[in-house]
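1. Coordinates only, no sequence provided:
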DNA sequence: GCTTGACCTTCCTGTTACTGGAACCTTTAT
DNA sequence: ATAAAGGTTCCAGTAACAGGAAGGTCAAGC
């Protein structure tokens, strides 16, 4: 199949597919005589794997590691494990930060009495020392 | 005061201060004959305001709006209000996403039995259809 | 008077994960 | 023959800076 069809099947844009090839996340595609890229079923699988990792908010660099790691099927899966754990930790930190943030923003929003700028309680608090 | 001192007082790097000036978030600083930027107390206040907005994860473009809005002290504070509400909404959406994400990642992490790559349950799930 | 070190300046590059667009080639249908 | 719809490469832009090069300035010490 050509790149557009792969894009439709995997719901990853053709631009992005080329980009993944550029950065070495996908192997170089086979080319026809016209220079067009041609893909097979394995490419669909690769892209689905990448898409699933992305849903977990993994950076492409980490996904690249996950792909690389799979070349040696007898290696221990410690690195996979570590990447997931690291990701989980980051998510938890982010969650905590967002909680605090929500409180602060809610406080500001609640204080608003829809005045004019010069009396705006939100701006006053943002200017406070 | 010179830029380094402003940086120390506000805990915003000199690089970042110049950048804010570049993009028009800070007004152009007064220059000495040597070309150096010189700052006053009002600049400290401006940067503190910006820093506080940033702690609320506001994009610089929004902060720029907040700064601009304050030039007319008799205007209603509706836009301020709206920006905060919008920010709050985004934070809540992000929180929800992170919750789902945490569940997924935790599920993956729990399933790991520290095998070899070929039996890795994490990878298996990421490859699943 | 000269040097050294700590400032300052501007400008360029790189970061992340793409997207948009230009300029140009190929294939297919009318 | 031509037009539409695909393909290709390459360049620029996004957000919010950080790092570094190349060079000017200023105060202190010898």
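-> Cool, the structure landed. Note that this is a predicted model, so its numbers are computed, not measured.
2. Could I get the buried residue list for stretch A:62-81?
-> For stretch A:62-81, the neighbour count (16 or more other Cβ atoms under 10 Å in any protein chain shown) marks A:62, A:63, A:64, A:65, A:66, A:67, A:69, A:70, A:77, A:80, A:81 as buried. All C-beta spots, glycine's among them, are computed from the backbone N, C-alpha and C.
3. Narrow the residues you listed to those in strands?
-> Members of the buried residues of stretch A:62-81 lying in strands (criterion: DSSP state E): none.
4. Tell me the pLDDT of residue A:39.
-> Reading off the confidence values, residue A:39 has pLDDT 97.
5. Go ahead and confirm it touches residue A:4.
-> No: contact status for residue A:39 versus residue A:4: not in contact, 10.3 Å apart, counting by Cβ atoms under 8 Å.
6. Neighbour count: those two, which is higher?
-> Neighbours were counted for residue A:39 and for residue A:4 using other Cβ atoms under 10 Å in any protein chain shown; residue A:39 has more, 21 against 11.
7. Let me see the contact set for the residue nearest to that one when sequence neighbours are not counted.
-> Leaving aside its sequence neighbours, residue A:39 sits nearest to residue A:6 (Cβ to Cβ, 6 or more residues apart in numbering or on different chains; 4.6 Å). Going by Cβ atoms under 8 Å, 6 or more residues apart in numbering or on different chains, residue A:6 touches A:12, A:14, A:17, A:39, A:43, A:44, A:47.
8. ok, now residue A:75?
-> Taking Cβ under 8 Å, 6+ apart, we find residue A:75 in contact with A:69, B:116, B:117.
9. Give me the pLDDT for it.
-> According to the prediction, residue A:75 has pLDDT 87.
10. try the one 10 residues further on
-> What the model reports for residue A:85 is a pLDDT of 90.
11. can you check the one 5 residues further on too?
-> We have a pLDDT of 91 for residue A:90.
12. Which helix or strand contains it?
-> Using DSSP states H and E, the element containing residue A:90 is helix A:78-111.
13. near DNA strand D at all, that helix?
-> No: Helix A:78-111 lies out of reach of DNA strand D by Cβ under 7 Å from any atom of the strand, never closer than 14.6 Å.
14. could you point out which element follows that helix?
-> Helix A:78-111 is succeeded, C-terminally, by helix A:121-127 (DSSP H and E).
15. do that following helix and chain B meet at all?
-> Yes: applying Cβ under 8 Å from any Cβ of the partner chain, one finds that helix A:121-127 is in contact with chain B at A:122, A:123, A:126, A:127.
16. you'd agree residue A:34 is in a strand?
-> No: counting by DSSP: H, G, I helix; E, B strand; the rest coil, residue A:34 falls outside a strand, being coil.
17. give me phi/psi at it?
-> The phi/psi pair for residue A:34 (degrees, to the nearest 10) reads phi -80, psi 0.
18. Give me the neighbour count for it.
-> Using other Cβ under 10 Å: residue A:34 sits among 5 other residues.
19. can you pull the contacts of it?
-> Here residue A:34 is in contact with no residue (Cβ under 8 Å, 6+ apart).
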